[in-house]
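all I have is the shape, not the residue letters:
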């Protein structure tokens, strides 16, 4: 990348507010400059912000066209995070163009610095868990980073760091994703019309054993213990109570409180600036799983079904997730040993095809706890939170797992268990409410 002072004109932009976002002013970017560091392939971008906190991202244009997000990932400095702005202060971003875009050299590049309101953040949020249990707020928190797309993630979303030390979540945005928060939940005669009105983040992957260890420490209670792969395989044998707690954490849907020392409790405390972490509601889970589809599985294939012989082995499901007959059981017959590699039992997360919104493993690997109490009928309407009242005993589990047949793996399939139960076929996927981001 050749970016001379003459040709490196800078452009600025501000993000639109998302659906349901508060009317908080979008900070203004100004005084943007761009220059190549002499005798290097590094590009330095400077900018100023009006006096308001903002999330700042960078894209690069040449010949009036933005280069791919995947070619602008080696960034450092005041970028991809919340910037505490002060009027007149110069902020600096360094882009390693030599590493990101080594085969190109241009002399007409432009930097586009975008300021996003903190209550209408970019598409992807990543929590850096690498500080482990030593992290604390506010002295030594888990850092939080933001990216414009999954392609913009350093190393790419399939990089193993996002399956072990980094927790990546994708924003499900109601004003830009058809069908715009409105969908038919369930199947058959029990369907309900649901409208979701609030943007939310949800994990690209199921929470892995490596991520759980970073937040909670050891020993890990998981069933599958193969040393070479367990960090990248989904966490299992954790109960709803382990994730949220059995006292304060049992209060949903009356409140979203959780017990201290639980997985969600630790994640909230150790991030500090992102207090909305939780499990997804059942409606959020199915909406995110379907990604706009109405078919049996979330690839949108209208021919896919679980009828007859397809109820067990299923050619459509083979590409979408780990289940009993594509590796979960040995030859589909024998339960795997606990020290098996990822060819049997659970797979390394992300081993199968994602849905249209970039989410992996919603049709297999592990069932996933949801917030809601379980009853046989679905709750419809606007932003449903599930049943409440005396006598409820079970919490909802969505998705299916390595030990079940294809008929259990449909987008609409539901199961349940007591909040204290932990099994090798139940894990979790984290969600976060965008409105909680400060």
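It's in. Here the structure is a predicted model, which means the values were calculated and not measured.

residues near residue 389, how many?
For residue 389, the neighbour count with other Cβ atoms under 10 Å is 7. For the C-beta atoms, the positions are set from N, CA and C on the backbone; glycine is no exception.

pretty sure it sits in a strand.
No - counting by DSSP: H, G, I helix; E, B strand; the rest coil, residue 389 is not part of a strand but coil.

count the neighbours of the nearest residue to residue 125 once chain neighbours are set aside for me.
In this structure, residue 125 finds its nearest non-sequential neighbour in residue 169, 4.8 Å apart by Cβ to Cβ, 6 or more residues apart in numbering. Neighbours of residue 169 under the rule other Cβ under 10 Å: 23.

show me the contact partners of the helix or strand where residue 169 lies.
For residue 169, the host element (DSSP states H and E) is strand 166-172. Residues outside strand 166-172 that contact it (Cβ atoms under 8 Å, 6 or more residues apart in numbering): 121-130, 150, 153, 157, 162, 199-205, 207, 211, 284, 287-288, 357-359, 430-432, 434.

quick one: buried ones out of the residues you listed?
Buried members of the contacts of strand 166-172, counted by 16 or more other Cβ atoms under 10 Å: 121-129, 150, 153, 157, 162, 199-205, 207, 211, 284, 287-288, 357-359, 430-432, 434.

out of those, which are inside helices?
Among the buried ones among the contacts of strand 166-172, DSSP state H puts 211, 284, 287, 288 in helices.

surely the third one touches residue 197?
So the one you mean is residue 287. No - Residue 287 lies out of contact with residue 197 (Cβ atoms under 8 Å); the separation is 11.6 Å.

where do the contact lists of these two overlap?
With Cβ under 8 Å, 6+ apart as the test, residue 287 and residue 197 both reach residue 181.

buried sites along stretch 381-395?
For stretch 381-395, using 16+ other Cβ under 10 Å, the buried residues are 384, 385, 386, 387, 394, 395.

if I pick the nearest residue to residue 81 once chain neighbours are set aside, what's in contact with it?
Of all residues not flanking residue 81 in the chain, residue 145 sits nearest, at 5.4 Å (Cβ to Cβ, 6+ apart). The contact partners of residue 145, taken as Cβ under 8 Å, 6+ apart, are 80, 81, 125, 126, 128.

JSON lines please, covering these and showing distance to residue 266.
Shown next, in JSON lines, are those (distance: Cβ to Cβ, whole Å):
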{"residue": "80", "distance to residue 266": "24"}
{"residue": "81", "distance to residue 266": "21"}
{"residue": "125", "distance to residue 266": "18"}
{"residue": "126", "distance to residue 266": "17"}
{"residue": "128", "distance to residue 266": "15"}
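
count residues in the vicinity of residue 374, would you?
Neighbours of residue 374 (other Cβ under 10 Å): 19.

ah, wrong one, I meant residue 399
29.

that one touches residue 368, doesn't it?
Yes - with contact defined as Cβ under 8 Å, residue 399 reaches residue 368; the gap is 4.9 Å.

hey, what's the residue nearest to residue 125 bridged with?
Listed beta-bridge partners, residue 169: residue 125, residue 203 (assigned using DSSP bridges).
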